[in-house]
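Engineer: Would you be able to build a 3D model of this:
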Amino acid sequence: MGNTVLRIHIPQGRTGHVVMGCCSSRSRTPASTINRGITMPFQKKYTQLPNPWNVFYARARSQALFRKEEWAFTPESWYKLWQDSGFAELKGRTRTGYVMVRIDRIEAWGPHNCRIIGRMRQLAGVKTGQY
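Structural biologist: Residues are numbered from 1 along each chain as shown. Next up is the predicted model:
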């Protein structure tokens, strides 16, 4: 059985297409027009960190808590560790990027137990069970 295409008249004078039985990209409102002019109802959570570092911190903390790992960083101490390392601009998961690792996997993520190393070194350490 084929899909039935209906043409409906939208009050603004445009013709819309609706495909019965499945989703059609022509029948959806573009995402760019959904929230235009609407402000978000919540405040930025980590206001003490600049963009995009507030997002990086939230993501790192959420991942640790999801894996049921202890988290001892404050937003300021986490950001300071990255800035003091000298590799803040190179943070990332690329081959040449730098990542934060725990020295002791049993202890919490915190300034006393973390350091910044190259991604390739971290991947080699995962194979040997070091990180």
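
Engineer: which residues in the chain form strands?
Structural biologist: 5-9, 15-19, 98-102, 114-118 (DSSP state E).

Engineer: looking at those, which has the lowest confidence?
Structural biologist: Among the strands of the chain, strand 15-19 carries the lowest mean pLDDT, a mean of 51.

Engineer: Could you measure from the closest residue to residue 108 other than its chain neighbours over to residue 83?
Structural biologist: Distances taken as C-beta to C-beta, 6 or more residues apart in numbering put residue 70 closest to residue 108, at 3.2 Å, once the chain neighbours are dropped. C-beta here means a position set from N, CA and C on the backbone, and glycine is covered the same way. Computed as C-beta to C-beta, to the nearest Å, the residue 70 to residue 83 distance reads 23 Å.

Engineer: do residue 96 as well
Structural biologist: 19 Å.

Engineer: next one: residue 91
Structural biologist: In this view, residue 91 and residue 83 are 11 Å apart by C-beta to C-beta.

Engineer: Which one of those two is surrounded by more residues?
Structural biologist: Each of residue 91 and residue 83 had its neighbours counted (other C-beta atoms under 10 Å), and the higher figure belongs to residue 91 (18 against 11).

Engineer: I'd like to know how many residues surround the nearest residue in space to residue 113 that is not next to it in sequence.
Structural biologist: Beyond its immediate neighbours in the sequence, the residue positioned closest to residue 113 (C-beta to C-beta, 6+ apart) is residue 107, lying 4.5 Å away. Residues contacting residue 107 under the criterion other C-beta under 10 Å number 14.

Engineer: is it true that residue 107 touches residue 70?
Structural biologist: Yes. The pair residue 107 and residue 70 passes the contact test of C-beta atoms under 8 Å, sitting 7.3 Å apart.

Engineer: Outline the domain layout of the protein.
Structural biologist: Domain assignment for the chain, taken from automatic domain parsing, gives 5-31, 53-128.

Engineer: wait, doesn't residue 81 sit right on residue 114?
Structural biologist: Yes. Under the criterion of C-beta under 8 Å, residue 81 lies in contact with residue 114, with a separation of 6.4 Å.

Engineer: Fine by me, thanks again.
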